[in-house]
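>>> Got a sequence here, can you model it:
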Amino acid sequence: MEILKIKKLREDAKVPNRATSGSAGLDLCASISEPITLEGGATAVIPTGIAIALPSAEYGAFVFPRSGIAVKHGIGLLNSVGVIDSDYRGEIMVGVINQINTPYTIQPGERIAQMVIMPVSMMPVEEVSDLDETVRGAGGFGSTGKN
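Predicted structure coming up:
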């Protein structure tokens, strides 16, 4: 069995865990010494106090918003999904944004995001002069209809 290695970088850091046995994501917690209040539209980069080592380049760690804090309080991620490469060993930081007008205070140790470990393809890249034709072709946003 492959193992995700986690190193605490701060004493107050919480090792990520799954809320239930069926949870896909590991909860990432704020490793801060005092609360941080985000006014509407404000952003912050929240440290988690941890670093990870993925088992190989065939995996990536992806940071997603937690649905509860997003739906109930409007707290999302600045980059929609954070990507942690297999060779990164620095502290995992979470860029957050308050997407609504009501201030929200992040508490020390609060679960602020979730990290999902997923396989990634390391296929080679090849530049070509032509691509194969498909029914859709170059049709972009909305090209397949409203529904």
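
>>> Give me the residue ranges of the protein where confidence is low.
For the chain, the stretches with pLDDT under 70 are 147.

>>> Run through the strands of it in chain order.
Secondary structure of the chain by DSSP state E: the strands cover 5-8, 26-29, 36-38, 43-47, 50-53, 59-65, 75-77, 82-84, 93-98, 104-106, 111-119.

>>> and the second one, which strands flank it?
What it means is strand 26-29. Strand 26-29 has its sheet partners listed here by DSSP bridges as strand 111-119 (antiparallel).

>>> What residues of the strand it pairs with count as buried?
The neighbour-count check on strand 111-119 (16 or more other C-beta atoms under 10 Å) flags R111, I112, A113, Q114, M115, I117 as buried. Heads up, the C-betas are built off the backbone N, CA and C, glycines and all.

>>> hmm, back to that, okay, the strands of the chain, which one's buried deepest?
Using mean count of other C-beta atoms under 10 Å, the stretch among the strands of the chain with the greatest mean number of neighbours is strand 26-29 (a mean of 22).

>>> Run through who's touching that strand.
13-14, 16-19, 48-50, 63, 66, 92, 94, 109-117 (C-beta atoms under 8 Å, 6 or more residues apart in numbering).

>>> mind running it again at 10 Å?
The list of residues contacting strand 26-29 from outside it, by C-beta atoms under 10 Å, 6 or more residues apart in numbering, reads 4, 6, 12-19, 46, 48-50, 52, 61, 63-64, 66, 82, 92-94, 106-117.

>>> Could you save the buried residues of strand 111-119 as a markdown table and add columns showing distance to A70?
Putting those into a markdown table (distance: C-beta to C-beta, whole Å) gives the following:
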| residue | distance to A70 |
| --- | --- |
| R111 | 12 |
| I112 | 10 |
| A113 | 10 |
| Q114 | 11 |
| M115 | 15 |
| I117 | 21 |
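
>>> Closest one to I32 out of those, please.
The shortest approach to I32 among the buried residues of strand 111-119 belongs to I112, at 9.6 Å (C-beta to C-beta).
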